[in-house]
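[1] Pasting the sequence and the predicted coordinates here, then a few questions.
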Amino acid sequence: MKKPIVAIIGRPNVGKSTLFNRILGKRVAIVEDIPGVTRDRNYAVTTYCGREFILVDTGGLEPETSDYILSQMRTQAEIAVDEADIIIFLMDGIQGLTPADAEIAGLLRKVSKPVFYSVNKIDSKKGAANLSDFYTIGVEKLYPISAEHGTDVDELLDAVHPLLPETQEEVEDVYPKIAIVGRPNAGKSTLINRLIGKERLVTSPTPGTTRDSIDTVVSYYKNKYIFIDTAGIRRQSKVEKGVEYYSVIRALSSIDRCDIAILLLDTMEGIAVQDLKIARYIEDTGKGCIIAFNKWDLVEKDEKTMDKYEKNIRSNYPHLSHIPCIFISALTGIRASKIYPEIHSVMEEYSRQVTTGELNRFIGEISERLPSSTYRGKVLKIYYAVQTGKRPPKFTLFVNYPLGIGTNIKRFIENSMRDKWGFIGVPIRFAVRSK
């Protein structure tokens, strides 16, 4: 089920990131350092009163330059309006209403999506005194809050809550759902047209969204695949280059609904920060992944070039080392058909079931080689394990000291599992229980 996107927009320094962290109830940061990824996340899946949604802090996606601030804020608002399902427009009570606030409010009044106008920093005397000025933008309801101290944030979320769909149990689709994601100009639109054919496009509207989301069913050698939001990909191809900062937002909904995401890279430009952010989100949401290097026809190459590219991925981005790579040209069609066998292979890994007997023989084999064998001076033991889920594979470890199973041990078990069973292109999840 598609989770709605709730985007927080507003000028720099009005408290967007503070509100983002307040709603999540914690500071969200990447636990391990990965080259090219900023430490502060700007998106997260969260829940409020039992209903899930994707929260986006657009402030973290702004260009670093301070030039043309008003223009940037207008672009930010336009992207949020286009991509989000619900918008929280945050303003600064201490600074008071600004021309930039008024201009963005004017844009938001023209859309049919729900918008919640919130004034931050009202815990100060100046902020409270300026509150009445914000009614001049012509809205009936304002939500004065203090993101820093949490004052009245629950009132804002209570207003958003009825618009969030009730969480439903996931039902496996008959056909694999595929999303093609990546930065603007990587070739997504060209690849979609190559895979589904311009003349044989069969579309069906997906209900429950604030804009039409068109999916396409494609047959290939008696197998069928559902490509997610093909209309959205075609729309994105027309977006100007300056919107590249927001490509993560554009990928969220498609990834959320898919089984496998094809992360399309521009071979001539290499891996960029936005690509790594998208790859991280694919991993976080438990989806399968294939990396496709596009524009391969433009590369000077020999029989060893592909190996060099793959070795570069494994060496510089070890967290991507389990993801299969393919090399294609969406424009000419070179190797594009190899995507389908790769999808089939990753779907098999995504749905792999390891028997309890086989799993526990494996646990017995690796128990003596754990990177840490004690916890607070006591011997650490893994008694047994069971697979408790698929799509993605999930395993529960039963141990004597659950707190002793840290990241290094989980990573060792994961790598050992991949060496034995593959799990190519899919994340592996672990839960730890006391026996």
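    Yep, that arrived.

[2] can you give me the strands for the stretch 101-250 of the chain?
    115-120, 142-144, 177-181, 203-205, 214-220, 223-227 (DSSP state E, counting those that start in this stretch).

[3] Just give me the residue closest to the centre of the chain.
    Centroid-nearest residue in the chain, with C-alpha atoms, centre = their mean: residue 281, separated by 3.2 Å.

[4] what about that residue, distance to residue 424?
    Between residue 281 and residue 424 the distance is 20 Å, computed by C-beta to C-beta, to the nearest Å. All C-beta spots, glycine's among them, are computed from the backbone N, C-alpha and C.

[5] Where does residue 278 fall, secondary structure wise?
    Assigned by DSSP states H and E, residue 278 belongs to helix 273-284.

[6] Also compute the angle for that helix relative to strand 177-181, please.
    Here helix 273-284 points in a direction 160 degrees away from that of strand 177-181 (axes from the mean of the first three to the mean of the last three C-alpha atoms, to 10 degrees).

[7] I'd like the next helix or strand past helix 273-284.
    Sequence order places strand 288-294 as the next helix or strand after helix 273-284, per DSSP H and E.

[8] if I pick residue 130, what's in contact with it?
    Residues counted as contacts of residue 130 (C-beta atoms under 8 Å, 6 or more residues apart in numbering) are 93-97.

[9] got a winner among those residues for most neighbours?
    The most neighbours of any of the contacts of residue 130, using other C-beta atoms under 10 Å, belong to residue 93, which has 27 neighbours.

[10] neighbours around the nearest residue to the residue nearest to the centre of the chain once chain neighbours are set aside, how many?
    Nearest non-adjacent residue to residue 281, counting by C-beta to C-beta, 6 or more residues apart in numbering: residue 255, 5.9 Å away. Applying other C-beta under 10 Å, we find 22 residues neighbouring residue 255.

[11] How about the secondary structure of residue 255?
    At residue 255 the chain is in helix, as set by DSSP: H, G, I helix; E, B strand; the rest coil.

[12] can I assume it is in contact with residue 284?
    No - assessed by C-beta atoms under 8 Å, residue 255 is found out of contact with residue 284, at 9.3 Å.

[13] about what we covered before: what's the spacing between the residue nearest to residue 281 and residue 280?
    Counting by C-beta to C-beta, the separation of residue 255 from residue 280 is 11 Å.

[14] hang on, the earlier thing: of all the contacts of residue 130, which comes closest to residue 155?
    Residue 155 has its nearest neighbour among the contacts of residue 130 in residue 93, at 15.3 Å by C-beta to C-beta.

[15] hang on, that closest one packs against residue 131?
    Yes - Residue 93 is within contact range of residue 131, at 6.2 Å (criterion: C-beta under 8 Å).

[16] Give me the common contacts of those two.
    With C-beta under 8 Å, 6+ apart as the test, residue 93 and residue 131 both reach 119, 122, 144.

[17] In CSV, list the residues you listed along with neighbour count and distance to residue 22.
    Formatted as CSV, these follow (neighbours: other C-beta atoms under 10 Å; distance: C-beta to C-beta, whole Å):
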residue, neighbour count, distance to residue 22
119, 27, 15
122, 22, 14
144, 20, 14
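
[18] Let's have those residues in CSV, adding pLDDT.
    Below are those laid out as CSV (pLDDT from 0 to 100):
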residue, pLDDT
119, 95
122, 89
144, 95
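
[19] Which parts of the chain are helices?
    For the chain, the helices defined by DSSP state H cover 16-24, 69-83, 99-108, 125-130, 153-160, 188-196, 230-236, 247-257, 273-284, 305-316, 339-350, 356-366, 407-421.

[20] Figure out which of those is closest to residue 218.
    Of all the helices of the chain, helix 188-196 sits nearest to residue 218, with 5.0 Å by C-beta to C-beta.

[21] Does anything pack onto that closest one? Which helices or strands?
    Helices and strands touching helix 188-196, by 3 or more C-beta pairs under 8 Å, 6 or more residues apart in numbering; DSSP states H and E, are strand 177-181, strand 214-220, strand 223-227, helix 230-236.

[22] For the nearest residue to residue 10 once chain neighbours are set aside, list each beta-bridge partner.
    Excluding its sequence neighbours, the residue lying closest to residue 10 (C-beta to C-beta, 6+ apart) is residue 90, at 3.9 Å. For residue 90, the beta-bridge partners are residue 118 (DSSP bridges).

[23] got a list of what residue 90 touches?
    8-10, 14-16, 19, 118-120, 147.

[24] Could you check the pLDDT of it?
    pLDDT, residue 90: 94.

[25] ditto for residue 80
    64.

[26] Kindly report the same for residue 30.
    pLDDT, read off for residue 30, is 27.

[27] next one: residue 3
    pLDDT, residue 3: 81.

[28] Output the below-cut-off pLDDT ranges for this structure.
    Scanning the chain for pLDDT under 70 picks out 1, 26-42, 59-81, 126-127, 167-173, 197-214, 229-250.

[29] Domain ranges for it, per the record?
    Per automatic domain parsing, the structural domains of the chain span 5-163, 177-350, 356-434.

[30] Give me the distance from the longest one to the chain's centre.
    Taking the mean of its C-alpha atoms, domain 177-350 sits 14 Å from the chain's own mean (C-alpha atoms, centre = their mean, to the nearest Å).

[31] now swap in the shortest one and tell me
    Shown here is domain 356-434, whose average C-alpha point lies 26 Å from the average C-alpha point of the whole chain (C-alpha atoms, centre = their mean).

[32] repeat for stretch 9-22
    Centroid separation between stretch 9-22 and its chain, computed with C-alpha atoms, centre = their mean, is 20 Å.

[33] Give me the buried positions along that stretch.
    9-11, 14-22 (16 or more other C-beta atoms under 10 Å).

[34] tell me which of those residues is nearest to residue 364?
    If you rank the buried residues of stretch 9-22 by distance to residue 364 using C-beta to C-beta, residue 21 comes first, at 43.1 Å.

[35] how close does residue 255 get to residue 12?
    From residue 255 to residue 12 the distance is 27 Å (C-beta to C-beta).

[36] and if you look at residue 156?
    21 Å.

[37] Residue 163 touches residue 87, doesn't it?
    No - between residue 163 and residue 87 no contact is recorded; they are 11.0 Å apart, counting by C-beta under 8 Å.

[38] list the residues that contact both of the two?
    Common neighbours of residue 163 and residue 87 (C-beta under 8 Å, 6+ apart) are residue 114.

[39] now the contacts of residue 130 in a markdown table, with distance to residue 103?
    Shown next, in a markdown table, are the contacts of residue 130 (distance: C-beta to C-beta, whole Å):
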| residue | distance to residue 103 |
| --- | --- |
| 93 | 19 |
| 94 | 20 |
| 95 | 15 |
| 96 | 15 |
| 97 | 11 |
